[in-house]
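Undergrad: Quick check, what structure comes out for this input:
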Amino acid sequence: MRRKTSKAHISLPEKLGANQLSSLFDEISAARGKSLVLDASSVRYIGAQGMQILLSAVKTWKRDGVPLRLTGTTEELREIVSVLGVSSSELAMEEISS
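TA: Coordinates of the predicted model:
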């Protein structure tokens, strides 16, 4: 019998700096075990620690065998991701067609 996975959706804030990390970590942790969509359509800035939280979530969900997608990525976020040397596949980012 196939197990049904519940779903969670988290809208990421415009800025993922030090002040937002604790609440973001708590929100993501509370969604563990659920299929997760992280909506990045508002993100304009992400620091290295914010990137670490997202990468950790992707790896955790992959290890748990539960889907996680990063959607609505902004141009600013994609540029920062690139500068930090992280690929879109590592972040489970959906490709945006032009």
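
Undergrad: element containing the residue nearest to residue 43 when sequence neighbours are not counted?
TA: Nearest non-adjacent residue to residue 43, counting by CB to CB, 6 or more residues apart in numbering: residue 77, 4.7 Å away. Bear in mind the C-beta positions are built from the backbone N, C-alpha and C, glycine included. For residue 77, the element it lies in under DSSP states H and E is helix 75-83.

Undergrad: helices and strands around that helix, which ones?
TA: Under the contact criterion of 3 or more CB pairs under 8 Å, 6 or more residues apart in numbering; DSSP states H and E, helix 75-83 touches strand 45-46.

Undergrad: Now do the longest helix belonging to the chain: everything it contacts.
TA: Counting residues, the longest helix found in the chain (DSSP state H) is helix 48-64. For helix 48-64, contacts defined as CB atoms under 8 Å, 6 or more residues apart in numbering pick out 16-18, 20-21, 24-25, 28, 32-33, 36, 38, 46, 67-68, 70, 80-81, 84, 86, 90-92.

Undergrad: quick check, distance from the helix or strand just after it to the centre of its chain.
TA: Per DSSP H and E, the first helix or strand lying C-terminal to helix 48-64 is strand 68-71. Here the centre of strand 68-71 is set off from its chain's centre by 6 Å, with CA atoms, centre = their mean, to the nearest Å.
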